[in-house]
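sequence-free structure coming up:
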């Protein structure tokens with residue numbers, strides 16, 4: 001595939017590396033070339049199969065709109081825009097493109113989401129829950145999209161509003177914890193990312209899976225198919 005990559009930070013750099021290893025061609029569009037999505041033109045994207053976005057919350061919506069207007073499939077790993085999901089989903093469906101997003105593209109984290117869903121009934125059995133997330137000091141959004149997904153899973157399964165505490169420390173890649181406390185015991189779930197490579201591999205696999213497809217997808221719902 002021919003890929004345009006938006007965002008060449010720590011995760012984006014690994015996305016490029018993994019994509020090349022898997023035989024794809026990658027063009028990087030730098031932030032300086034893409035103010036308000038000005039670089040995402042029909043001419044620039046004419047021969048591109050998919051755009052992968054690992055940028056920042058302040059520019060991701062401009063990037064999404066530009067790519068959808070050009071009829072291009074997208075993989076979006078940037079978070080901080082999820083209040084616009086209904087609007088973006090409608091755009092994708094009207095335009096007949098393929099779109100996949102995720103708060104976390106690590107397969108391990110998505111297995112972790114399923115564990116969170118499994119223990120959610122504890123909230124109806126007198127357990128008190130709390131989510132903790134730790135990331136590097138450069139991360140722009142808080143809470144993380146992964147923590148917000150955990151919170152949403154618990155709410156969907158138990159109708160409980162679970163509080164999130166965020167920490168920004170050093171160069172922490174990403175740690176997510178769920179504690180469930182009762183008078184009798186404590187249940188503790190934790191996912192600790194050793195590196196960003198798992199995120200990058202998941203994003204590239206998502207782009208491969210999306211090739212030739214139309215529709216609006218979330219990674220946590222389709223990763224088993226990849």
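Nice, thanks for sending it over. Please read these numbers as outputs of a predicted model, since none were measured by experiment.

now tell me what touches the helix or strand bottoming out on mean pLDDT in the chain from outside.
Using mean pLDDT, DSSP states H and E, helix 219-222 stands out as the lowest-scoring helix or strand of the chain, at a mean of 92. The contact list for helix 219-222, computed with CB atoms under 8 Å, 6 or more residues apart in numbering, reads 100-105, 110, 113, 149, 202, 206, 209. All C-beta spots, glycine's among them, are computed from the backbone N, C-alpha and C.

out of those residues, who's the most crowded?
residue 105 (29 neighbours; other CB atoms under 10 Å).

got the phi and psi for it?
Dihedral pair for residue 105: phi -100, psi 10, per degrees, to the nearest 10.

quick one, what contacts the spatially closest residue to it that is not a sequence neighbour?
Closest residue to residue 105 apart from its sequence neighbours, by CB to CB, 6 or more residues apart in numbering: residue 202 at 3.2 Å. Listed by CB under 8 Å, 6+ apart, the contact partners of residue 202 are 102, 104-107, 110, 219, 223.

what's the helix or strand for residue 202?
Per DSSP states H and E: residue 202 is located in helix 197-210.

just confirm residue 36 is within a helix.
Yes - according to DSSP: H, G, I helix; E, B strand; the rest coil, residue 36 belongs to a helix.

what count of nearby residues applies to the closest residue to residue 128 other than its chain neighbours?
The shortest distance from residue 128 to any non-neighbouring residue, by CB to CB, 6+ apart, is to residue 181 (4.9 Å). Number of residues near residue 181 (other CB under 10 Å) recorded here: 15.

pretty sure residue 181 is touching residue 127, no?
Yes - counting by CB atoms under 8 Å, residue 127 is a contact partner of residue 181 at 6.3 Å.

quick one on the thing from earlier: just list whatever residues bridge to the residue nearest to residue 128.
residue 128, residue 186 (DSSP bridges).

please name the residues that touch it.
Residue 181 touches 127-130, counting by CB under 8 Å, 6+ apart.

narrow those to just the buried residues.
If you count burial by 16 or more other CB atoms under 10 Å, the buried members of the contacts of residue 181 come out as 127, 129.

residue 100 is in what secondary structure piece?
strand 98-101.

what residues sit buried inside the helix or strand following that strand?
Counting by DSSP H and E, the element after strand 98-101 in chain order, helix or strand, is helix 107-119. Buried residues in helix 107-119, defined by neighbour count with 16+ other CB under 10 Å: 107, 109-110, 112-113, 116, 119.

between helix 107-119 and helix 197-210, how many degrees?
90 degrees (axes from the mean of the first three to the mean of the last three CA atoms, to 10 degrees).

and helix 107-119, what does it pack against?
helix 145-158, strand 175-181, strand 186-192, helix 197-210, helix 219-222 (3 or more CB pairs under 8 Å, 6 or more residues apart in numbering; DSSP states H and E).

determine the angle, from 0 to 180 degrees, between the third one and helix 145-158.
Meaning strand 186-192. Orientation note: strand 186-192 sits at an angle of 140 degrees relative to helix 145-158 (the same axes, to 10 degrees).

for strand 186-192, give me every contacting residue.
For strand 186-192, contacts defined as CB under 8 Å, 6+ apart pick out 108-109, 112, 115-116, 119, 122, 127, 174-180.
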